[in-house]
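[1] no sequence for this one, just the structure:
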């Protein structure tokens, strides 16, 4: 299963429509995860034209963004949890382990800072933002490959 992970697209201020370099990755997706701050619901509709979308609500999302605050799902046998704001960097891994004890992967956003950290059976993963890089060198998305219940690839790739 090929998964594209997005967060913090911030439409319509930053995301006017799907950027071409993001669309290149979406074309190969089996599923799309969006870790919040979509801001307007039409972005989720746009993404759904590529693959099924699972999203959580971010702190900037309007009422037309129909998404829960947290989400736990099974993707091809991998236990995945999603939240927008995982809190301060200090203690983040332990906090996510406590919040989602069954998860093997926690996807989050909010900081716009890409992060891929694996420790003791739990990977925490922030794809950064494809459109609002802030102090990061590039806008980024996450690419995951799941095979037989195992996460075999977790990459954060530049799209700007």
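    Yep, it's here. If you're wondering where the values come from, they're calculated on a predicted model, not measured in any experiment. Residues are numbered from 1 along each chain as shown.

[2] And the helices in the protein?
    20-26, 42-48, 92-99 (DSSP state H).

[3] Let me see the residues that make contact with stretch 153-160.
    Contacts with stretch 153-160, where a contact means Cβ atoms under 8 Å, 6 or more residues apart in numbering, come from 19, 21-22, 25, 114, 116, 118, 123, 125, 127-128, 130, 133, 137-145. Any C-beta I mention is one placed from the backbone N, CA and C, and that applies to glycine too.

[4] For PyMOL, write the select line for the buried members of the residues you listed.
    Written as a PyMOL command, the selection of buried residues from the contacts of stretch 153-160, which uses 16 or more other Cβ atoms under 10 Å, is:
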select buried, resi 19+22+25+114+123+125+127+128+130+133+139+140+141+142+143+144
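
[5] In strands, which of the contacts of stretch 153-160 fall?
    Among these, the members falling in strands (DSSP state E) are 116, 118, 123, 125, 140-145.

[6] possible to save the residues you listed as CSV with pLDDT?
    Shown next, in CSV, are the ones in strands among the contacts of stretch 153-160 (pLDDT from 0 to 100):
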residue, pLDDT
116, 98
118, 97
123, 98
125, 98
140, 98
141, 98
142, 98
143, 98
144, 98
145, 98
